[in-house]
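1. this is a predicted model, with the sequence first.
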Amino acid sequence: MIRSMTGYGSASLETVALRATVTVRSVNHRFLDLTLHLPRRLQPLEAEAKERVGAAVARGRVELSMQASLADAATESWKSGQPVNL
C-alpha cells in the first residue's frame with residue numbers, strides 16, 4: 001500500500017507492436033478521487049485500471065493518463081480486452 005499522497009510518475013514502453021506512455025499525478029485528498037484519461041480504444045480497460053489503482057492507493061486525488069498506439073500489423077489482430085503480445 002502506498003502511503004504518500006503527493007507524487008508524479010511517468011513510464012513508457014516501445015516495442016515492435018506497441019508504443020505506450022502512462023503518467024500518474026497525485027495530491028493529498030481526504031478520499032480516493034481517481035480520474036482516468038484513456039484513448040477511446042482503451043476505454044474497455046477503465047474498470048480494470050480503476051480496480052488496480054484502488055488496490056494500491058487508499059486516498060488522494062489521483063490522475064492517470066494513458067496513451068497507446070499499435071503498429072499497423074498488430075492492429076489487425078488485436079481486439080479490445082485482450083493483452084497485446086509483446
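-> Received it, and whenever you're ready, just let me know what you need.
2. other SSEs contacting the helix or strand encompassing residue 48?
-> For residue 48, the host element (DSSP states H and E) is helix 46-56. In terms of contacts (3 or more C-beta pairs under 8 Å, 6 or more residues apart in numbering; DSSP states H and E), helix 46-56 is packed against strand 32-37, strand 60-70. Every residue, glycine included, has its C-beta placed from N, CA and C.
3. out of those strands, which is closest to residue 6?
-> For residue 6, the closest of those is strand 60-70, at 7.7 Å, according to C-beta to C-beta.
4. pull out the buried residues from the helix holding residue 48.
-> Burial within helix 46-56, assessed by neighbour count using 16 or more other C-beta atoms under 10 Å, is assigned to 49, 53.
5. comparing the helices and strands packed on helix 46-56, which comes out most buried?
-> Here the criterion is mean neighbour count by mean count of other C-beta atoms under 10 Å, and of the helices and strands packed on helix 46-56 the winner is strand 60-70, at a mean of 17.
6. alright, that wraps it up for me.
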